[in-house]
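Trainee: Give me coordinates for this.
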Amino acid sequence: MLPDPRPYFAELTDPRHETKNKLHKLTDIIMLVFCAVLSDIEDWVEMETFAEEKESRFRKFLELPNGISLDDTLSDMIGHLHLDVFVEAFLNWTQSALLSLADEQICLDSKTLGVGA
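Mentor: Here you go, the predicted model:
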């Protein structure tokens, strides 16, 4: 089982000012985008649609106190993160994930890899 990525991103500094318009948790935004990207979604509008369609599933592990973030919010938040700090958190999570797979068998077929006849 892969480690939960949320603790690795919990220490990221939220670039937003504390205002009444700060409706969505940074970790929720990161996880929505993270799951969308893993689902091969690259467009911000499609990410919002994806998250809305999967909202009941996301609510099982995210707080989402004000629902799903709009596509502009997703884009703005990811764009304002300190990239070097985000990359470090992501690398820490992936290294931990790789360690958790150390004794696991991983099957790849040639169709997935795009090789073979």
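
Trainee: How are the helices of this structure distributed by residue range?
Mentor: Listed in chain order, the helices found in the chain under DSSP state H are 6-9, 26-38, 44-53, 55-58, 71-80, 83-100, 110-113.

Trainee: Lowest average confidence across the ones you listed, which one?
Mentor: When the helices of the chain are compared by mean pLDDT, helix 110-113 comes last with a mean of 54.

Trainee: Hmm, Glu52 is touching Ile68, no?
Mentor: Yes. Using CB atoms under 8 Å, Glu52 is in contact with Ile68, at 5.1 Å. (Glycine included, C-beta is placed from N, CA and C.)

Trainee: more crowded one of these two?
Mentor: Ile68 (24 against 12; other CB atoms under 10 Å).

Trainee: check contacts around the more buried one.
Mentor: Leu32, Glu48, Ala51, Glu52, Glu55, Phe58 (CB atoms under 8 Å, 6 or more residues apart in numbering).

Trainee: quick one: which of these is nearest Asp76?
Mentor: Closest approach to Asp76 among the contacts of Ile68 (CB to CB): Glu48, at 12.5 Å.
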